[in-house]
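A.B. asks: sequence first, predicted model second:
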Protein chains: 6
Amino acid sequence: MRFDEAYSGNVFIKSHPNFEESTVVLYGMPMDWTVSYRPGSRFGPTRIREVSIGLEEYSPYLDRELEEVKYFDAGDIPLPFGNAQRSLDMIEEFVDQVVAAGKFPLGMGGEHLVSWPVIKAIYKKHPDLAIIHMDAHTDLRSDYEGEPLSHSTPIRKAAELIGPENVFSFGIRSGMKEEFEWAKEVGMHISKFDVHKPLMEILPKLSGRSVYVTIDIDVLDPAHAPGTGTVDAGGITSRELLASIHEIARSNVKVVGADLVEVAPIYDPSEQTANTASKLIREMILGFVK
Amino acid sequence: MRFDEAYSGNVFIKSHPNFEESTVVLYGMPMDWTVSYRPGSRFGPTRIREVSIGLEEYSPYLDRELEEVKYFDAGDIPLPFGNAQRSLDMIEEFVDQVVAAGKFPLGMGGEHLVSWPVIKAIYKKHPDLAIIHMDAHTDLRSDYEGEPLSHSTPIRKAAELIGPENVFSFGIRSGMKEEFEWAKEVGMHISKFDVHKPLMEILPKLSGRSVYVTIDIDVLDPAHAPGTGTVDAGGITSRELLASIHEIARSNVKVVGADLVEVAPIYDPSEQTANTASKLIREMILGFVK
Amino acid sequence: MRFDEAYSGNVFIKSHPNFEESTVVLYGMPMDWTVSYRPGSRFGPTRIREVSIGLEEYSPYLDRELEEVKYFDAGDIPLPFGNAQRSLDMIEEFVDQVVAAGKFPLGMGGEHLVSWPVIKAIYKKHPDLAIIHMDAHTDLRSDYEGEPLSHSTPIRKAAELIGPENVFSFGIRSGMKEEFEWAKEVGMHISKFDVHKPLMEILPKLSGRSVYVTIDIDVLDPAHAPGTGTVDAGGITSRELLASIHEIARSNVKVVGADLVEVAPIYDPSEQTANTASKLIREMILGFVK
Amino acid sequence: MRFDEAYSGNVFIKSHPNFEESTVVLYGMPMDWTVSYRPGSRFGPTRIREVSIGLEEYSPYLDRELEEVKYFDAGDIPLPFGNAQRSLDMIEEFVDQVVAAGKFPLGMGGEHLVSWPVIKAIYKKHPDLAIIHMDAHTDLRSDYEGEPLSHSTPIRKAAELIGPENVFSFGIRSGMKEEFEWAKEVGMHISKFDVHKPLMEILPKLSGRSVYVTIDIDVLDPAHAPGTGTVDAGGITSRELLASIHEIARSNVKVVGADLVEVAPIYDPSEQTANTASKLIREMILGFVK
Amino acid sequence: MRFDEAYSGNVFIKSHPNFEESTVVLYGMPMDWTVSYRPGSRFGPTRIREVSIGLEEYSPYLDRELEEVKYFDAGDIPLPFGNAQRSLDMIEEFVDQVVAAGKFPLGMGGEHLVSWPVIKAIYKKHPDLAIIHMDAHTDLRSDYEGEPLSHSTPIRKAAELIGPENVFSFGIRSGMKEEFEWAKEVGMHISKFDVHKPLMEILPKLSGRSVYVTIDIDVLDPAHAPGTGTVDAGGITSRELLASIHEIARSNVKVVGADLVEVAPIYDPSEQTANTASKLIREMILGFVK
Amino acid sequence: MRFDEAYSGNVFIKSHPNFEESTVVLYGMPMDWTVSYRPGSRFGPTRIREVSIGLEEYSPYLDRELEEVKYFDAGDIPLPFGNAQRSLDMIEEFVDQVVAAGKFPLGMGGEHLVSWPVIKAIYKKHPDLAIIHMDAHTDLRSDYEGEPLSHSTPIRKAAELIGPENVFSFGIRSGMKEEFEWAKEVGMHISKFDVHKPLMEILPKLSGRSVYVTIDIDVLDPAHAPGTGTVDAGGITSRELLASIHEIARSNVKVVGADLVEVAPIYDPSEQTANTASKLIREMILGFVK
């Protein structure tokens, strides 16, 4: 071992050391200050990286290996604790740069609100953007008890930005009555409870379009993802979620960015959620980036 | 905030503050002294209330909101530690009052033996009573190593009281050979392993009848409910349990009382079982009380 | 059991049901949105109440019983998630009312920043106020990476309000060099590492004065309080902390309010920290309120 | 390895396989059905045995090795769940046999009530019996909410049997006012908070007498023994408890039996309490049996 | 209770005390020193035995009771820490004796490498041996970073010994590309992702043959078995695994030995994995031994 | 944020990015394959780095800040799982380079056996070497059940290499009788139970000499360090350990290298041990490197 070959810190397994040469930029958004229930997702990205050493580099689902895609792990964006607005600004600025450099942004949360500035940044470049959203929760509130910057609002904001007809939610099993009604009124797609089957119906309609994929780990049943802020029974299995990612991979949509949010290690004593998240990141890299 | 509006303690979310005006009485039965394996369900009701703050008030399954049903959370019945007989007497007396007041009793355990005095109390008022029992275990022992008051006996006692032909067990995957044989001999219904499918067959036969629904959380697979005394692999998913509750809700049976028992927080480090239980309580309120 | 005698929810054991008749008001401040390291103290007050059922009502240290002091548990102030300024305003308004009614305010955190509005409220009524502060951390930053509302700043704010010569910190073992230097310059007392011995020296100097006591549970060694956001080795034992509270109780200072902050249940799998906190609350009630 | 030399199950490390040839009988009393707070000590003896494989066989405190004393691990007495009276009868009968055979009984709990039948059995043979009791709690209630068989009553019962002047409690920091008063009235010794120092004063007075030593693991501070039912801050360190055992070992009292109770593995995620208990058992064997 | 009837230590529930009279020998292989990710399976067998006290003795799946098959629990083979080669030699020698005595060997791991010496021992007696392998991982590496004795290599070694056409792997969802390619080249069967359905197709082809069944608990999804070294999302349910065991039980293959490996209690805070393993052991005894 | 300023992975807080310019090299030795009891320390270094973000950079004990010493975090040496000899060779080679470059080696374990090759490497350069060893265990076995490469042997090997009269052990409370006897015979210093007081006596005798300091985290009481393989009651407090490090810092010995070993995160659910270790590393950097 020579020192210049040595350790470059705790990065996602097999990350490429150089930003310029990479196709994908992986980054953490360690923010959880607006969550109404159980905080802790700020430590999600770090733990996902840590457990990624247990991953095989080959996907028997996609028959691809991590070495086929160059990805740079940029680490966690150093967000200011407790300041939601400044945090969102920093994320947007970061993703602006990633997009400007022509890289594929792959984010790890953090609470779901972090997806909002990412979508803003990507939409500037991809005005035909559609969103595929997998989640237990609608996240369609206009505000949470008067607070517009809340983990309950990102999809509402995104829908208002890119048009609700361009947002497709799957696996939803929780929300206020008003959120479901709003979606219906404005023509936003919501598939309750299931992901894979309705996704197979929607994907052909999105053929050729630019798509951002945002996955809240709590779309999984608590059995499959106990390590998250708001567990909600009745969710899908990790098999269904993997199959859904692979369905997108095999479709004709053009994925232009993605994220996986809400992994909270402190509720995950067996580290099963973090391990699952690291596998999902691998499949997203291998499936979404051609 | 005015003080007379202030906090009324840790109650199930959105409980109504007044007994008289409520349709449902929610109560805890914090007893676990006869369990043969892992104790701890005495703290179940408290933890279910605590995590209920993470619940949405709306059920996208039933399209109802908690504010449509008034329920009073009466707290935990103050049972005497280690004295099974006196505990059961106190529960029966409590439910007698609830039933006398024309309210719907919705109990939270505690070990499964607590269902026995509840059923006794309800049967006095509803002599046409049938029982829908979802559980991993038969609970049909006549005694446990000589002890008739045991968490292994409540369904046997209930069957002997209301007639075994009026008891319908679902999801059973554990018990002594003698228990299964006894059920067969006396004509009691047992569906092994599954809940939803056999329930769909039985429900039409119970049309119009008074039914008590007792759910042992361990009918769920340990993946879905690790936080219980006696975990037993091969159980159903939380999706199947939710669907089963909704099937009853849509049927023509008249639910006259219900309980959810055996949640033990200490085996539930991620609190997923307590969170699931609080969602099940919501669905039982919205589904069973018209 | 009659229903009008029934359960009043999860309150601190033996709380008096009536605000007016009580001498002490116990309240939770469930806020943790500015913490820089591990969040979770928002659930501290609820868990402290929950485990208080394990407490004896008698203090063999002080030879007093809880029934000798009437205290009302007002529950948690419903703070808006992620909004620090509004949360602090609500706390101040709440304590204003408590103080106006002539009650002794006894708060449970939540992060340490919650002490700041409490001190503001009390100082209005008690302009001779001194503060006894027990903590691992100085909490004397003027801001945290540009953010003045931070869990690292409350004692600085308090010192600037009431005069640094009136603030007495004990048990401090962590902070920035600048914080220690600032304290020295402005004449604020800091006892490093120890609490009981230096407190015995300071107390006679405060004889007859109004004193607010703020205890960050992390003044205890991590062995004694693992369940907190920022554990820091080298702390004091629970025996020393108890003895320090009793020292104040036996002194001639006039305690006019107190708090205990930073209990975070999720890092406390054995619930030892919450149990210790509930005992400390008992001793504070019996020791500080004559 | 030959099969007849093979595994003899999970016994305390280096146990002697033969009852007749042994000087000490080690046994478990897996009962926790009368506890008012957190149950789980029924699994204490099993876990203490399991972790004993991590023990060194030599005590550098006493300069003795486990092979110098023959002890037989009789396993757990198969107590009937939930039936306190029958459990106590079985324990008494078991210890009667141990005492009759001239062996030293060394018990592992289980809740503290199990000490009561042991003391009864030993007192029959040793009418000059004194008791050394180390505990956080007085355990001097005459009953617990009307129930005389409670984990809060064993020392009261013992004091009434052998005379309160023969009972010496150490480390006590919790109890009802009435319990402390009763002890004072009847002349029973209670040392509050400390163990080692007052024990050094008492031991000379017991010189030559038969003594039973009963240790509730919660005499240790929760920092040293989180894995117990009722943790109570302000306790002693494991160093002080070890020193106290060694003090007895070096004294002129004649220890005729001993127990260690209230280890509850489920509150002990790091297994530190079970490991400490296994070391204490080693020191009790080497220190109490000459 | 008489002492000669007493406790025989922590053995699997209802074990027969006598080797000679037993049909099955149950044994632990407490080795985890070559694992590349999370160690801890050395404590698997002990914990499986411990929790087996929660098992019913009757299988409602197979309608058999444990008393119908005599099995001797030989305990853990005392393997030398850190020495893989000597450990494997000891295991082989142990199983040689079991096989020579005409008993059915049923092993509990420990890491998967322990299956290799068992298969060697059994193959000597059963040259027509086929292997049914259920696992998340291929375990087909020839070496792990130069080390041929690794937990990643046992099935490769077995395939090379008995012929790859005699090895049938099910449930595989992780491995290196080279491993899958090697299997394809040499004609070894691998069913990706699923177990039950492909097993139903393969079993008729094995009719009448001697079969060894090796189950890595991680074939289960992490939801069903968090307590293992290398969790991998997308696995099967415990229902599917139970059904697969029962399928073998009902087939015409002649099971001549079996094992269940990789249970690691430290990642299993609810003990659900150990409980599931103990149920699987019961079903393997009742299903594989006629 | 510019990308070339970005994240350099999970390194110990405030590490210097450049090896050449640094005075200290911090490195992990993730090996635990020879431990006889509980494995898991292979993940110690990673977790210590991760939690170091919670550290203040200033030491109020030493009045120094981390920016006063340049240290390079070289990451974990990529040791081959299960191969003790090759692992030790790699460590020795690594430290040879560090020493050759004139840097101060500061290692993080991993099991204690990793100290052995470090000491070998340092002794080549510093033939006047003395060792200060703080530990619960003697670690003086010549072999462990025939295996010379064991976590029980490193101090024996070191003593044989540099002369037993140059090895000074403190805090020892566990070992075989033979180990204590051997030390006595060969004139090696062992202070039983205590560290700080005997260290103060020894340090003047080592004045001016080159000293290697090796700290096994289990010298701390389990209350202060539950997260380690072999917890042993009766240890010292973190205050005493900090004071001992500071005593060395203020003495006239010339520390030429140091390590901190045996942190095992999986037994540390509150992360208190990892946090304490990160503070100890800070104090070792600031105290040992002038």
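C.D. replies: Received it, and whenever you're ready, just let me know what you need.

A.B. asks: ok, residue A:268 to residue A:222 distance?
C.D. replies: To residue A:222, residue A:268 is 11 Å away according to CB to CB, to the nearest Å. Any C-beta I mention is one placed from the backbone N, CA and C, and that applies to glycine too.

A.B. asks: who has more neighbours, these two?
C.D. replies: Between residue A:268 and residue A:222, residue A:222 has the larger neighbour count (other CB atoms under 10 Å in any protein chain shown), namely 31 against 25.

A.B. asks: give me phi/psi at that one?
C.D. replies: Backbone torsions of residue A:222, given as degrees, to the nearest 10, read phi -50, psi -30.

A.B. asks: what of residue A:248?
C.D. replies: The phi and psi values for residue A:248, taken as degrees, to the nearest 10, are phi -60, psi -40.

A.B. asks: re the thing from before, so for residue A:268 and residue A:222, which residues contact both of them?
C.D. replies: residue B:270 (CB atoms under 8 Å, 6 or more residues apart in numbering or on different chains).

A.B. asks: where does the nearest residue in space to residue A:148 that is not next to it in sequence sit: helix, strand or coil?
C.D. replies: Leaving aside its sequence neighbours, residue A:148 sits nearest to residue A:142 (CB to CB, 6 or more residues apart in numbering or on different chains; 7.0 Å). What DSSP: H, G, I helix; E, B strand; the rest coil gives for residue A:142 is coil.

A.B. asks: quick check: residue A:142 touching residue A:154?
C.D. replies: No: Residue A:142 is beyond contact range of residue A:154, at 11.7 Å (criterion: CB atoms under 8 Å).

A.B. asks: comparing those two, which shows the higher neighbour count?
C.D. replies: residue A:154 (28 against 14).

A.B. asks: excluding residues flanking it in the chain, which one is nearest the more buried one?
C.D. replies: residue A:116 (4.3 Å).

A.B. asks: what about the closest residue to chain D within chain A, which SS state?
C.D. replies: As assessed by CB to the nearest CB, chain D sits closest to residue A:269 within chain A, at 8.2 Å. Classification of residue A:269 using three-state DSSP returns coil.

A.B. asks: what about it, neighbour count?
C.D. replies: Using other CB under 10 Å, residue A:269 has 22 neighbouring residues.

A.B. asks: now residue A:181
C.D. replies: Residue A:181 - counted by other CB under 10 Å - has 12 other residues nearby.

A.B. asks: just residue A:18 next, same as before
C.D. replies: A count of nearby residues for residue A:18, using other CB under 10 Å, gives 10.

A.B. asks: what do you get for residue A:209?
C.D. replies: Around residue A:209 there are 15 residues (other CB under 10 Å).

A.B. asks: phi and psi next, for the nearest residue to it once chain neighbours are set aside.
C.D. replies: Spatially, and ignoring its direct neighbours in sequence, residue A:209 is nearest to residue A:130 (5.2 Å; CB to CB, 6+ apart). The phi and psi values for residue A:130, taken as degrees, to the nearest 10, are phi -120, psi 160.

A.B. asks: run through the residues that contact residue A:130.
C.D. replies: The neighbours of residue A:130, taking CB under 8 Å, 6+ apart as the test, are A:162, A:166-168, A:206, A:209-212, A:253.

A.B. asks: in those, which residue is surrounded by the most others?
C.D. replies: Ranked by the number of neighbours (other CB under 10 Å), the contacts of residue A:130 place residue A:167 first, at 28 neighbours.

A.B. asks: pLDDT at it, what is it?
C.D. replies: Note on residue A:167: pLDDT of 98.

A.B. asks: the strands in chain A, which residues?
C.D. replies: Counting by DSSP state E, one finds strands in chain A at the ranges A:24-29, A:58-59, A:64-65, A:71-76, A:104-109, A:130-134, A:167-172, A:189-192, A:210-216, A:254-261.

A.B. asks: now tabulate the ones you listed in JSON lines and tack on distance to residue D:245.
C.D. replies: Listed next are the strands of chain A as JSON lines, based on distance: least, CB to CB, whole Å:
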{"stretch": "strand A:24-29", "distance to residue D:245": "51"}
{"stretch": "strand A:58-59", "distance to residue D:245": "57"}
{"stretch": "strand A:64-65", "distance to residue D:245": "60"}
{"stretch": "strand A:71-76", "distance to residue D:245": "50"}
{"stretch": "strand A:104-109", "distance to residue D:245": "52"}
{"stretch": "strand A:130-134", "distance to residue D:245": "59"}
{"stretch": "strand A:167-172", "distance to residue D:245": "59"}
{"stretch": "strand A:189-192", "distance to residue D:245": "63"}
{"stretch": "strand A:210-216", "distance to residue D:245": "55"}
{"stretch": "strand A:254-261", "distance to residue D:245": "53"}
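
A.B. asks: by mean pLDDT, show me the worst of those strands.
C.D. replies: Mean pLDDT is lowest for strand A:71-76 out of these, coming in at a mean of 93.

A.B. asks: show me the shaky parts of the stretch 151-290 of chain A.
C.D. replies: Regions of the stretch 151-290 of chain A meeting the criterion pLDDT under 70 are absent.

A.B. asks: nearest to chain C: which residue in it?
C.D. replies: Proximity of the stretch 151-290 of chain A to chain C (CB to the nearest CB) peaks at residue A:266, 5.2 Å away.

A.B. asks: which one is that residue nearest to, not counting chain neighbours?
C.D. replies: Closest residue to residue A:266 apart from its sequence neighbours, by CB to CB, 6+ apart: residue A:40 at 4.5 Å.

A.B. asks: now do the phi/psi pair for that neighbour.
C.D. replies: Torsion angles, degrees, to the nearest 10, at residue A:40: phi 130, psi -10.

A.B. asks: so how far is residue D:286 from it?
C.D. replies: Using CB to CB, residue A:40 is found at 46 Å from residue D:286.

A.B. asks: please apply the same query to residue A:142.
C.D. replies: Between residue A:142 and residue D:286 the computed distance is 71 Å (CB to CB).

A.B. asks: show the pLDDT at the residue nearest to residue A:266.
C.D. replies: For residue A:40, pLDDT reads 95.

A.B. asks: and if you look at residue A:146?
C.D. replies: Residue A:146 is given a pLDDT of 81.

A.B. asks: got it, and residue A:8?
C.D. replies: 49.

A.B. asks: which residues of the stretch 51-200 of chain A lie near chain B?
C.D. replies: By CB under 8 Å from any CB of the partner chain, the residues of the stretch 51-200 of chain A that approach chain B are A:172-177, A:180, A:192-193.

A.B. asks: again, only this time at 6 Å
C.D. replies: A:174, A:176-177, A:192 (CB under 6 Å from any CB of the partner chain).

A.B. asks: from those residues, keep the buried residues only.
C.D. replies: Applying 16 or more other CB atoms under 10 Å in any protein chain shown to those, the neighbour count classes A:174, A:176, A:192 as buried.

A.B. asks: how about the residues you listed in a markdown table, adding distance to residue B:47?
C.D. replies: Shown next, in a markdown table, are these (distance: CB to CB, whole Å):
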| residue | distance to residue B:47 |
| --- | --- |
| A:174 | 20 |
| A:176 | 25 |
| A:192 | 28 |
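
A.B. asks: closest to residue A:14 out of the residues you listed?
C.D. replies: Nearest to residue A:14, judged by CB to CB, of those is residue A:174 at 35.9 Å.

A.B. asks: for that closest one, list each beta-bridge partner.
C.D. replies: Residue A:174 has the following beta-bridge partners by DSSP bridges: residue A:137.

A.B. asks: straight-line length of stretch A:211-225, end to end?
C.D. replies: Stretch A:211-225 has an end-to-end distance of 25 Å (CA to CA, to the nearest Å).
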